[in-house]
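Engineer: Everything below, folded, please.
(chains A and B)
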Amino acid sequence: DTGVSQDPRHKITKRGQNVTFRCDPISEHNRLYWYRQTLGQGPEFLTYFQNEAQLEKSRLLSDRFSAERPKGSFSTLEIQRTEQGDSAMYLCASSPRQGADEQFFGPGTRLTVL
Amino acid sequence: DQQVKQNSPSLSVQEGRISILNCDYTNSMFDYFLWYKKYPAEGPTFLISISSIKDKNEDGRFTVFLNKSAKHLSLHIVPSQPGDSAVYFCAASRGEYGNKLVFGAGTILRVKS
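Structural biologist: Residues are numbered from 1 along each chain as shown, chains lettered A, B, ... in the order given. I've put the predicted structure just below:
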């Protein structure tokens, strides 16, 4: 079991560009979560999937954000027309089943928008 | 609306002594509470959790206490070790809402040798 992996670990982009991040959960974990963390704050929930179904999106997730989990395995998070306020650490987590509350986090993708 | 609060931004403790990290919450519907530890440039690592039906859970040097009437939980680390120096996050969830975690802002723990 290799844990949750995220790619890339760091991304620097110019304002207005689109970026895409990937998350590979622990195999056979059917729940996958995205969080965003800014300096001095705890992670904030963005969205989550049970298998391939996206079950909830936070109001933090504006129309410029979209997430997919096409085959119920890896997930992607895309940000279109990035803004400086999107600069943050984007964390992915997975958990094995409904009712299991422990979530296992990846190392995160640090996004810097210039 | 900050539903989970960690009011101490930092804590400094001598090696071998007890570290006590505190957390308060406002939503009485939370039914599960967790503590995570985070080192720089890494994701949060799960430490210990407690269900709302319990008031204490122990795992080695780590003990979490839950006081539902006060909406307060605490993490005790005994004895504290220099390797425990990290940011500690308290989190809470409601099972019926997909177990999404609501985090506090974190407490930086420094254990001095």
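Engineer: Now do stretch A:16-32: distance to the chain's middle.
Structural biologist: Its chain's C-alpha centre and that of stretch A:16-32 lie 6 Å apart, by Cα atoms, centre = their mean, to the nearest Å.
Engineer: Model confidence at A:Glu44, what's the number?
Structural biologist: Per-residue confidence for A:Glu44 comes out at a pLDDT of 96.
Engineer: excluding its backbone neighbours, what's nearest it?
Structural biologist: Nearest-residue entry for A:Glu44: A:Arg36, 5.3 Å, with adjacent residues in sequence omitted and distances by Cβ to Cβ, 6 or more residues apart in numbering or on different chains. C-beta: built from backbone N, CA, C; applies to glycine.
Engineer: ranges for the strands of chain B?
Structural biologist: Secondary structure of chain B, counting by DSSP state E: strands at B:4-5, B:10-14, B:19-25, B:32-38, B:45-51, B:56-59, B:62-67, B:72-77, B:86-93, B:102-103, B:107-112.
Engineer: residues making contact with the last one?
Structural biologist: Strand B:107-112 is touched from outside by B:6, B:8-15, B:19, B:21-22, B:77, B:80-88, with contacts defined as Cβ atoms under 8 Å, 6 or more residues apart in numbering or on different chains.
Engineer: The third one now?
Structural biologist: Taking contacts as Cβ under 8 Å, 6+ apart, the residues outside strand B:19-25 that touch it are B:3-8, B:11, B:13, B:33, B:35, B:70-78, B:80, B:84, B:88, B:90, B:92, B:104, B:107, B:109, B:111.
Engineer: quick one: low-confidence ranges for chain A?
Structural biologist: Along chain A, segments meeting pLDDT under 70 span A:1, A:98-101.
Engineer: Tell me the spacing between the residue nearest to A:Glu44 and chain B.
Structural biologist: A:Arg36 sits at a distance of 11 Å from chain B (criterion: Cβ to the nearest Cβ, to the nearest Å).
Engineer: Ok, A:Cys92 next?
Structural biologist: Between A:Cys92 and chain B the computed distance is 8 Å (Cβ to the nearest Cβ).
Engineer: Please name the bridge partners of that residue.
Structural biologist: When assigned by DSSP bridges, A:Cys92 has beta-bridge partners A:Trp34.
Engineer: Go ahead and confirm it touches A:Gln6.
Structural biologist: Yes. Checked against Cβ atoms under 8 Å, the pair A:Cys92 and A:Gln6 is within contact range at 5.4 Å.
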